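Trainee: coords please:
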Amino acid sequence: MEIRPLEREKMVFENGAYGQRLLPWAALNAPFEGAWVTVPAHGATGAHSHHEYELFIAVSGEAVIESGGERRPFRPGDLEFHKPGTEHRILNDGAEDFEMYAIWWDTDMSAKFAARHEELA
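Mentor: Numbers count the residues shown, from 1 in each chain. Here you go, the predicted structure:
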């Protein structure tokens, strides 16, 4: 068994949130990358877009996701998906931090995964 711990004291603040990349991880051959993200109370991430697909998994607290010109509540257990090039951000107007896990991937990551998989087989 291998566990990769979240090390809150090492989380880096950028684009309005604290984060720690937990993937890639040498023990896991995966076609995606990921990070734990904390948006502080009364904070917001900057609006941005990128070439990867992205999936957000809400874990604790409550926030609002703004994406594609819409705003929707985002609560624990909710999933939110962005296609490449979709501008998005998270707004936390609450008194508690909002925490989520973000996973992203693109065709390059998939190709590298497939090559590593063949090497390990």
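
Trainee: Show me the helices in the protein, by range?
Mentor: 107-120 (DSSP state H).

Trainee: how much space between the spatially most central residue of the chain and residue 1?
Mentor: Nearest to the geometric centre of the chain sits residue 102, at 1.6 Å (Cα atoms, centre = their mean). In this view, residue 102 and residue 1 are 24 Å apart by Cβ to Cβ, to the nearest Å. Backbone N, C-alpha and C define where each C-beta goes, glycine included.

Trainee: Quick one: low-confidence residue ranges for the protein.
Mentor: 121 (pLDDT under 70).

Trainee: go with 80
Mentor: For the chain, the stretches with pLDDT under 80 are 117-121.

Trainee: Going along the chain, name the strands of it.
Mentor: Remark: strands assigned in the chain by DSSP state E are 12-14, 17-23, 33-39, 43-44, 53-60, 63-67, 70-74, 79-82, 88-92, 98-105.

Trainee: Can you add distance to residue 114 and give these back as TSV?
Mentor: Formatted as TSV, the strands of the chain follow (distance: least, Cβ to Cβ, whole Å):
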stretch	distance to residue 114
strand 12-14	30
strand 17-23	17
strand 33-39	16
strand 43-44	37
strand 53-60	17
strand 63-67	30
strand 70-74	32
strand 79-82	22
strand 88-92	28
strand 98-105	12
